[in-house]
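[1] just need the structure, nothing else, for what follows:
(4 chains)
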2 protein chains.
Amino acid sequence: MAVEDRKLAVLRAIVEDYVATQEPVGSKALVERHQLGVSSATVRNDMAALEDEGLIAQPHTSAGRIPTDKGYRFFVDRLTTLKAMSAAEKRAISSFLEGAHDLDDVVQRSVRLLAQLTQQVAIVQYPTLARSTVRHIELVALSTTRLLVVLILSTGRVEQRVVEVPVELSDELLADLRVRVNTAAAGERISEAAGALGALADQVPPGTSSTYTVIVASLVEAMSNHRSDERVVVGGTANLARFGDNFEQSIKPMLEALEEHVVLLKLLGEATSSQHVTVRIGHEGPIDQLSSTSVVATGYGASDDALSVLGVVGPTRMDYPGSMAAVRAVARYVSTILDEA
Amino acid sequence: MAVEDRKLAVLRAIVEDYVATQEPVGSKALVERHQLGVSSATVRNDMAALEDEGLIAQPHTSAGRIPTDKGYRFFVDRLTTLKAMSAAEKRAISSFLEGAHDLDDVVQRSVRLLAQLTQQVAIVQYPTLARSTVRHIELVALSTTRLLVVLILSTGRVEQRVVEVPVELSDELLADLRVRVNTAAAGERISEAAGALGALADQVPPGTSSTYTVIVASLVEAMSNHRSDERVVVGGTANLARFGDNFEQSIKPMLEALEEHVVLLKLLGEATSSQHVTVRIGHEGPIDQLSSTSVVATGYGASDDALSVLGVVGPTRMDYPGSMAAVRAVARYVSTILDEA
DNA sequence: CTTGGCACTCCGCACGCACGAGTGCCAAGC
DNA sequence: GCTTGGCACTCGTGCGTGCGGAGTGCCAAG
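    Next up is the predicted model:
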């Protein structure tokens, strides 16, 4: 085995051992636990080299080495082959997810599943609405000036929104509106539906013009900032235990981030752009407080132009191959399930 | 001041100091921080008596005293007068909640608010559907055998459910069904709607009987176990920091409980039966692992026959008067808001 | 019943020490 | 040129010891 190759084997061994034990790993322990075929002295030399390259570091003199963020990055990029899920695992996943009878249910189950599989904190963003078309719009008057708009989409999603309208609503008006709105918007993509509705404002029945325009404007406004695909669901927070015992520094910022969905979306970030599993290690992430946590995420969804995102968050010292495999597997299953729906 | 009265004053002082400092409180510190008008020796005697009664205890000989669960119970039942919220707080609460334009929003904001006010973990159960009446039922075919049922309720709630029907659906059948279902169920309470629907199965159009009965049966089944008012929302988990530093023993079981909504509902438990604020202290709760956490909760909702529940969970060592006041205040505001809707 | 005094207990903390794990370097061997 | 065994050196950790302080219980006097 060439020297370079062995160095990488050593790096891999260090990562694996450190992930498993959470303790700095020394040269001696390394040769014992792995078949490296060389003595500890040789390993020491290799380690010194790896340290020069910035891939590993020692917490203090005369302690073992731990991987640096750069080391993990190298490990993930070059030393990792995604484990395939076992047949049993596959079965478990699909049977678990197929029991769902509701979008909420699918999302809920996915989070749980992911948390369970990876033993980490799992995050799932709701599927985007981008590709959905409008199936039906129901208008319900909650009071004379408050209107509930229920949007039923082709994919079975249901969105609702209360709109404050600045005029009095009558039953006839509403009935008329309902028909017009539906004929205008039905079959349109949600992104275009707002536009289609806007056009309505022109072809108003005579004598009611201002009322109409006003209501339609409210509707358009409500539909264009539907925010529900920014919803995220979090699960497996109890796995935060694996973050280490240091509450203030590692667990608390994580809990705080988990409460802020906006922050979470930022965290999952660019993963949304592809169906590839992407990994963000420690400081690579956008949030300073979370500099010792990694994110493994991937886009998912029925098609490439309508991706949402899902993944897990854990300490930099995490089982990358396992997490990546689980994330990918769950994303695939969820995608196919959403496709069926 | 009579002796008994002073003993209670001492108990109150101990609870307050311990809650504030999280440290066992000694006789000397007590006379310094509170105007008890007696010497530390006298307080010591009182403390000995309180300990005999099981209201306080010392972690070890020659340490200060801490309240027992029984002591907290006594404090809550007899020594506490609910603080009224300040005018500013009231304004803050109502303005914060009134910004909501959606049931989800109301619930979400309530949780945040409660967590913020109490600096603890807040839990809000979705309002019950009990009193709602059916406004409209929309049926959408997702595939030839999968039917999306959307239930729009008078209160503006929207419930959805996918039903697997064991027959092929045609457009005409669906249109017909839609009309019949709506005329049968509209205006009914949700609890009665299932029954009203069931009656439909009899007055079937000739020739389609079995198909009809089958679909209606599916609908009835789906409607009778709507489970959405069992949904709970949790917030303020970052406040778990105040649980103390002992992760394994106090924080982890809490995180686990927070993931299990069923467990949470059990935890909030009987509070649902009244609009009173109820307090469960430590071991009084139904869950052994949470023997050092207390629950402050109350029923809320538009009317007495349709109560849901909301509250906070924290360490037994928590600010009961403050939490109780906040829980009550939020419950009231949410109730009135739901009432308007 | 209250109070000051006093002896006693026990926790927490700092100090010091020895131990062990791990390293880096070197000289010898393949 | 790599590899290897040996060896001295460095630190971090764990453990026993000793001390100070907070707090108590009890007692005798007011």
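[2] what separation is there between the closest residue to DNA strand C within the stretch 201-341 of chain A and A:G244?
    Residue nearest to DNA strand C within the stretch 201-341 of chain A: A:R317 (16.2 Å; Cβ to the nearest atom of the strand). For the C-beta atoms, the positions are set from N, CA and C on the backbone; glycine is no exception. Separation of A:R317 from A:G244 (Cβ to Cβ, to the nearest Å): 8 Å.
[3] between the two, what contacts are shared?
    Common contact partners of A:R317 and A:G244 (Cβ atoms under 8 Å, 6 or more residues apart in numbering or on different chains): A:Q22.
[4] which of these two has more residues huddled nearby?
    A side-by-side neighbour count of A:R317 and A:G244, using other Cβ atoms under 10 Å in any protein chain shown, places A:R317 first with 22 against 15.
[5] quick check: bridge partners of the nearest residue to A:A297 once chain neighbours are set aside?
    Here the nearest residue to A:A297 in space, its sequence neighbours aside, is A:G311; by Cβ to Cβ, 6 or more residues apart in numbering or on different chains that works out to 2.8 Å. When assigned by DSSP bridges, A:G311 has beta-bridge partners A:I123, A:A297.
[6] my guess is A:G311 meets A:V296, correct?
    Yes. In this structure, A:G311 is within contact of A:V296 by Cβ atoms under 8 Å, at 5.3 Å.
[7] so between the two, which is more surrounded?
    Between A:G311 and A:V296, counting by other Cβ under 10 Å, A:G311 is the more crowded of the two (33 against 30).
[8] now do that one against A:I281, distance only.
    When Cβ to Cβ is the yardstick, A:G311 and A:I281 sit 13 Å from each other.
[9] now swap in A:I337 and tell me
    30 Å.
[10] if you count what's nearby, which of the two comes out ahead?
    Comparing A:I337 with A:I281 by other Cβ under 10 Å, the one with more neighbours is A:I281, at 24 against 18.
[11] need the strands for the stretch 1-150 of chain A, in chain order.
    When assigned using DSSP state E, counting those that start in this stretch, the strands of the stretch 1-150 of chain A occupy the ranges A:56-57, A:66-67, A:121-125, A:134-141, A:146-153.
[12] what pairs with the second one, parallel or antiparallel?
    Partner strands for strand A:66-67, per DSSP bridges, with pairing direction: strand A:56-57 (antiparallel).
[13] tell me if the partner strand is near DNA strand D.
    No. Residues of strand A:56-57 are not located near DNA strand D by Cβ under 7 Å from any atom of the strand, the shortest gap being 13.4 Å.
[14] that strand: how far from the chain's middle?
    For strand A:56-57, the distance from its own C-alpha centre to the chain's C-alpha centre is 30 Å (Cα atoms, centre = their mean, to the nearest Å).
[15] what stretches of chain A score poorly on pLDDT?
    When the per-residue scores of chain A are filtered using pLDDT under 70, the ranges that remain are A:1, A:200-210, A:224-229, A:245, A:271, A:304-305, A:341.
[16] so which bits of it are right by DNA strand D?
    Taking Cβ under 7 Å from any atom of the strand as the measure of proximity, chain A contacts DNA strand D at A:3, A:6, A:37-39, A:41-42, A:45, A:60-63.
[17] tell me which of those fall in helices.
    Secondary structure assignment by DSSP state H places A:3, A:6, A:41-42, A:45 of the residues of chain A next to DNA strand D in helices.
[18] now, which of those residues sits nearest DNA strand C?
    Proximity of these to DNA strand C (Cβ to the nearest atom of the strand) peaks at A:A41, which lies at 4.9 Å.
[19] hey, where'd the helices end up in the stretch 51-200 of chain A?
    In chain order, the stretch 51-200 of chain A shows helices spanning A:69-78, A:87-98, A:103-118, A:171-185, A:190-200, with DSSP state H, counting those that start in this stretch as the criterion.
[20] please name every helix or strand in contact with the shortest one.
    For helix A:69-78, the elements it packs on are helix A:3-21, helix A:320-340, judged by 3 or more Cβ pairs under 8 Å, 6 or more residues apart in numbering or on different chains; DSSP states H and E.
[21] tell me the most buried of the ones you listed?
    Of the helices and strands packed on helix A:69-78, the one with the most neighbours on average (mean count of other Cβ atoms under 10 Å in any protein chain shown) is helix A:320-340, at a mean of 21.
[22] now do the contacts for the closest residue to A:G235 other than its chain neighbours.
    Leaving aside its sequence neighbours, A:G235 sits nearest to A:V111 (Cβ to Cβ, 6+ apart; 3.6 Å). Listed by Cβ under 8 Å, 6+ apart, the contact set of A:V111 reads A:122-124, A:233-236.
[23] swap the cut-off to 10 Å and go again
    Residues near A:V111 by Cβ atoms under 10 Å, 6 or more residues apart in numbering or on different chains: A:121-124, A:232-236, A:310, A:312, A:330, B:259.
[24] ok, of those, which one's closest to B:G26?
    B:E259 (39.8 Å; Cβ to Cβ).
[25] I'd guessed that closest one sits against B:V234; true?
    Yes. Counting by Cβ atoms under 10 Å, B:E259 sits close enough to B:V234 to count as a contact (8.7 Å).
[26] common neighbours of these two, please.
    Residues touching both B:E259 and B:V234 (Cβ under 10 Å, 6+ apart): A:234, A:237.
[27] now the contacts of A:V111 in TSV, with distance to B:A325?
    TSV is the format used below for those (distance: Cβ to Cβ, whole Å):
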residue	distance to B:A325
A:V121	33
A:A122	36
A:I123	35
A:V124	37
A:V232	32
A:V233	32
A:V234	30
A:G235	32
A:G236	34
A:L310	40
A:V312	39
A:V330	44
B:E259	29
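[28] neighbours of the closest residue to A:V124 other than its chain neighbours, how many?
    Taking Cβ to Cβ, 6+ apart as the measure, A:V124 lies nearest to A:L310, with 4.4 Å between them; neighbours along the chain are not counted. Neighbours of A:L310 under the rule other Cβ under 10 Å: 30.
[29] A:L310 contacts A:T278, correct?
    No. Because the distance of 11.7 Å does not satisfy Cβ under 10 Å, A:L310 is recorded as not touching A:T278.
[30] what sits against A:G282?
    Counting by Cβ under 10 Å, 6+ apart, A:G282 makes contact with A:68-70, A:72-73, A:290-295, A:315-317.
[31] before we move on, back to that, which neighbours do A:G311 and A:V296 have in common?
    Residues touching both A:G311 and A:V296 (Cβ under 10 Å, 6+ apart) are A:114, A:118, A:120, A:268, A:271, A:277-280, A:323-324, A:326-327.
[32] secondary structure class of A:V309, three-state.
    Using DSSP: H, G, I helix; E, B strand; the rest coil as the criterion, the local structure at A:V309 reads strand.
[33] which residues touch it?
    Listed by Cβ under 10 Å, 6+ apart, the contact set of A:V309 reads A:123-128, A:232, A:264-265, A:267-273, A:278, A:297-301, A:331.
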